[in-house]
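Participant: Fold the stuff below for me.
(one chain, ligands or ions: 1)
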Amino acid sequence: MIATTNPATGRVEETYRPHTDADVDLAIARSVVAFERLKQTSIAERAAWMNKAADILEADASLFGRLMTVEMGKPLVQAEAEARKCARACRYYADNAADILADEPVPTERARSFRRILPLGPVLAVMPWNYPFWQVVRFAAPALMAGNTGLLKHASNVPQCALALQDLFERAGFPNGAFQTLLIGGSKVERVLRDPRVRAATLTGSEPAGASVAAICGSEIKPTLLELGGSDAFIVMPSADLDAAVETAVASRTKNNGQSCIAAKRFIVHADVYDAFRDRLQSAFEALSVGDPMDADTDIGPLVSADAATELSEQIERAVAQGARRLTGAVPLDRDGSYFQPGILEGITSDMDAYAQELFGPVAMLFEVDGLDAAIALANDSDFGLGSSIFTQDEAEIERAFDEIEAGSTFVNAMTSSDPRLPFGGIKHSGYGRELAREGLLAFCNIKTCAVA
Ligand code: NAP
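Facilitator: Numbers count the residues shown, from 1 in each chain. Next up is the predicted model:
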């Protein structure tokens, strides 16, 4: 079902008729026509439209924020901030695309040789609900600046956000059809991927969805970019500023109601500071306010759906049954809506299911280690490799973290976050390819070798 179900109440607010195969075919045809037009436009023209999109995102941040909060439950303050962050990404690409896309001469023995960067055509973006604007814009802004067109298959629970994003790029001035939303479920994605007019695909979401899209695209010889799950390590060493570490740990684990791919999920703490860190983390978790996401004082709103709350609860009950200790919270709340009390688990060992799982909600897993070797070994003992953090003042430890933690990013004395100026992506089962920065602009381009004898 493609519908808006408010997770704060459990009420279905709006349902949508899914697009038929004929609707989708028409959208792809429009995308091809728009690609031919967009290719002919200058980067300056595209930049003007992209800046207009940023203006709209800023002006309508509270409207867009409400859409996000109603559809997926994040606190309104965070949703409005997400719209403004999207504006910053649009401006980054408006300002930098010309430089990144410029011909790059390469001296050889030939009269001329250089790289020219050309767009590929229509790209399908399969996107998740957790950052319903940001995930889409971080694909769309570079794709459109490069001259590609976008087809968005958004998560089925955020159709209003999906439609608002199509409207955003139309209002900004991009050619009709340059960015379109397909209201289809996951089972209809294969048909789009196999359409020869669709040249590439990107997916942000779970491992099974990513593996399916990559397998189909593999058989069609089409490029893919995957941004999948994570269970990021957050290492705390004895020299850390503990106040900063605890404050950042809470923010990272609970932002977006705990449903962020790059949230710190595994807190790996040196024995010298373990008790102090654990006690402060517990107090901070117990002070969080869980409630109506429209309320400015709320730290944590509901999980995205009743199913999500049930799944998280089952993961935790199983961990506890297998011997983990529930330090605080980590239980669904008995009230309307899919609210979940933030919590902390400790005593998790490698034979427990939770050890290897991503907990997609506000529940921290706490581990005690006796040194950096053990901390890095534990951080790397995961199929995931998205982000990572380390809190330390020791330069040698910082360098080892940069070199040895198996992840797409390592942040020191800070939480992992995305920034349009820095590349973003994972390794191992967290996916491949990079979004944002220069890499994100080149992700769906033909880097053509041009040579004149
Ligand atoms: P999901 O079920 O994989 O859904 C993501 C998108 O994929 C939705 O549009 C969904 O459509 C679609 N989809 C699902 N199964 C599919 C299939 N077999 N073929 C094609 N499309 C399919 O993900 P989720 O559970 O909602 O999202 C949470 C996951 O995303 C977490 O693991 C999180 O860590 C990850 N994530 C990663 C990043 C990153 O940047 N690395 C960012 C955010 C989230 P329907 O809604 O119609 O099913």
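
Participant: Just confirm residue 22 is within a helix.
Facilitator: Yes: note on residue 22: a helix contains this position according to DSSP: H, G, I helix; E, B strand; the rest coil.

Participant: ok, now how distant is it from residue 156?
Facilitator: For residue 22, the distance to residue 156 equals 20 Å [CB to CB, to the nearest Å]. All C-beta spots, glycine's among them, are computed from the backbone N, C-alpha and C.

Participant: ok, those two, which is more surrounded?
Facilitator: Taking other CB atoms under 10 Å, residue 22 and residue 156 do not tie; residue 156 has more neighbours (17 against 8).

Participant: which residues in the stretch 301-450 of the chain form strands?
Facilitator: The residue ranges that make up the strands of the stretch 301-450 of the chain, judged by DSSP state E, counting those that start in this stretch, are 325-328, 331-332, 340-341, 343-346, 363-369, 388-391, 411-412, 431-432, 445-452.

Participant: Single out the most deeply packed of these.
Facilitator: Per residue and on average, the most neighbours among the strands of the stretch 301-450 of the chain fall to strand 388-391, with a mean of 28 (mean count of other CB atoms under 10 Å).

Participant: what residues does that strand touch?
Facilitator: Counting by CB atoms under 8 Å, 6 or more residues apart in numbering, the neighbours of strand 388-391 from elsewhere in the structure are 232-237, 240-241, 244-245, 248, 252, 264, 379, 397-398, 401, 405, 407, 409-416.

Participant: Show me how far it is from its chain's centre.
Facilitator: A distance of 19 Å separates the centroid of the chain from that of strand 388-391, by CA atoms, centre = their mean, to the nearest Å.

Participant: Then stretch 426-433?
Facilitator: Remark: stretch 426-433 is offset 12 Å from the chain centroid, using CA atoms, centre = their mean.

Participant: Quick one: end-to-end distance for it.
Facilitator: 7 Å (CA to CA, to the nearest Å).

Participant: circling back to that earlier point, buried among the contacts of strand 388-391? Make that a PyMOL selection.
Facilitator: Applying 16 or more other CB atoms under 10 Å to the contacts of strand 388-391, the buried members can be selected in PyMOL as follows:
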select buried, resi 232+233+234+235+236+237+240+245+248+252+264+379+397+398+401+405+407+409+410+411+412+415+416
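
Participant: how about the CA coordinates for stretch 262-279, as PDB?
Facilitator: Extracted as PDB, the C-alpha positions of stretch 262-279 are listed here (Å, rounded to 0.1, in the frame of the first residue of the first chain):
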ATOM      1  CA  ILE A 262      25.200   6.400  10.400                       C
ATOM      2  CA  ALA A 263      24.000   6.500  14.000                       C
ATOM      3  CA  ALA A 264      26.600   5.200  16.400                       C
ATOM      4  CA  LYS A 265      25.200   1.800  17.400                       C
ATOM      5  CA  ARG A 266      28.100   0.000  19.100                       C
ATOM      6  CA  PHE A 267      29.800   1.900  22.000                       C
ATOM      7  CA  ILE A 268      33.200   0.400  22.600                       C
ATOM      8  CA  VAL A 269      34.600   1.800  25.700                       C
ATOM      9  CA  HIS A 270      38.000   1.400  27.400                       C
ATOM     10  CA  ALA A 271      37.900  -0.300  30.800                       C
ATOM     11  CA  ASP A 272      39.500   2.700  32.500                       C
ATOM     12  CA  VAL A 273      36.500   4.900  31.700                       C
ATOM     13  CA  TYR A 274      33.800   2.300  31.100                       C
ATOM     14  CA  ASP A 275      31.900   2.800  34.400                       C
ATOM     15  CA  ALA A 276      32.000   6.500  34.200                       C
ATOM     16  CA  PHE A 277      30.900   6.600  30.600                       C
ATOM     17  CA  ARG A 278      28.100   4.000  31.200                       C
ATOM     18  CA  ASP A 279      26.700   5.800  34.200                       C
END
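
Participant: one step back: so which of the strands of the stretch 301-450 of the chain is nearest residue 291?
Facilitator: Residue 291 sits nearest to strand 340-341 of all the strands of the stretch 301-450 of the chain, at 11.4 Å, using CB to CB.
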